[in-house]
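A.B. asks: Mind folding the following:
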Amino acid sequence: MRILFLGDVMGRAGRTAVAARLPALRRDWRLDFVVVNAENATAGMGLTPEHAKGLLEAGADCVTLGDHAFDQKTMLGHIDSEPRILRPLNFSKVAPGQGARLFTLPDGRTVLVAQVLGQVFMKRPFDDPFSAIEPVLRNHPLGSRANAAVVDVHCEATSEKMALGHWCDGRASLVVGTHTHVPTGDAMILPGGAAYLTDAGMCGDYDSVIGMQKDEPLRRFVTGMPRARFEPALGEATLSGVFVETDDRTGKALAVAMVRQGGRLQPSGPAT
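C.D. replies: Below is the predicted model:
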């Protein structure tokens, strides 16, 4: 199976890049399944139903969220009616929506997608991500109930992402980090067969401070005093993420490649 995961979509620039580039990538890379993290897709804070619809129409099979899952209040009433949108498993016991889903492709193959939030350096205490993901992986054995499994690890700390990668190894096809908006260069296949990348980066304008226009973040760093709201940068966005090819029988990764398309980062992607 050929799977593409795209990192945090950042504002209008990120949405525009996904709409412009994803349909061709699906065709040219013969993608079977696409996951897009979109918790910053609406003005850099959350996701509206309208913008979720646009990403799904562009070719995403599943949209994941994060700690900003419900910053746009309209998502509270929408997520239960759109099963292709997932919020973190350990967000809140009373949160609407679901944190994991088994998707069935038209040819009958299945893909499990799940998301957990980290605890280290996050602004609010979330439940333990290790115990949250454990029953999901146990109930969807790789190569049996799930032909492939993707785990979105939405964390601040690289150490926590790496630990979760090893925790899921042998039970997931891809474990990929999101949240920091900075792509890492450590794509690899772990000993148990899980493809791993510490952070997928963002789909946004990299002439920015993690996707925000530079002036206000710089002012706050230099003076410690806010003057205005953070606003998403509006230059040409780079699609940033990871591609993995899996064995349909075992669910293990056969190949993994970092993805950089458009904008300021050097282009990269799978061999086609």
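A.B. asks: Give me the contacts around the helix or strand hosting residue 12.
C.D. replies: For residue 12, the host element (DSSP states H and E) is helix 11-28. For helix 11-28, contacts defined as C-beta atoms under 8 Å, 6 or more residues apart in numbering pick out 4, 6, 8-9, 31, 34, 36, 40-44, 51, 54-55, 58-60, 202-205, 211, 232-239, 261-263, 269, 272. Backbone N, C-alpha and C define where each C-beta goes, glycine included.
A.B. asks: swap the cut-off to 7 Å and go again
C.D. replies: With C-beta atoms under 7 Å, 6 or more residues apart in numbering as the test, helix 11-28 has contacts from 4, 6, 9, 31, 34, 36, 40-41, 43-44, 51, 54-55, 58-59, 202-205, 211, 232-235, 237, 239, 261-262, 272.
A.B. asks: how about the one helix or strand in the chain whose mean pLDDT sits lowest: buried residues?
C.D. replies: Ranked by mean pLDDT, DSSP states H and E, the helix or strand of the chain with the weakest confidence is helix 215-223, at a mean of 94. Neighbour-count burial for helix 215-223, with 16 or more other C-beta atoms under 10 Å as criterion, is recorded at residue 216.
A.B. asks: Next: stretch 127-135.
C.D. replies: By neighbour count on 16+ other C-beta under 10 Å, the buried set for stretch 127-135 is 127, 129, 132, 133.
A.B. asks: and the residues you listed, which of them are in helices?
C.D. replies: Judged by DSSP state H, these include 129, 132, 133 as members of helices.
A.B. asks: How about the contacts made by the second one?
C.D. replies: Under the criterion of C-beta under 7 Å, 6+ apart, the neighbours of residue 132 are 89, 90, 116.
A.B. asks: and what of the last one?
C.D. replies: Residues counted as contacts of residue 133 (C-beta under 7 Å, 6+ apart) are 89, 114, 116, 151, 168.
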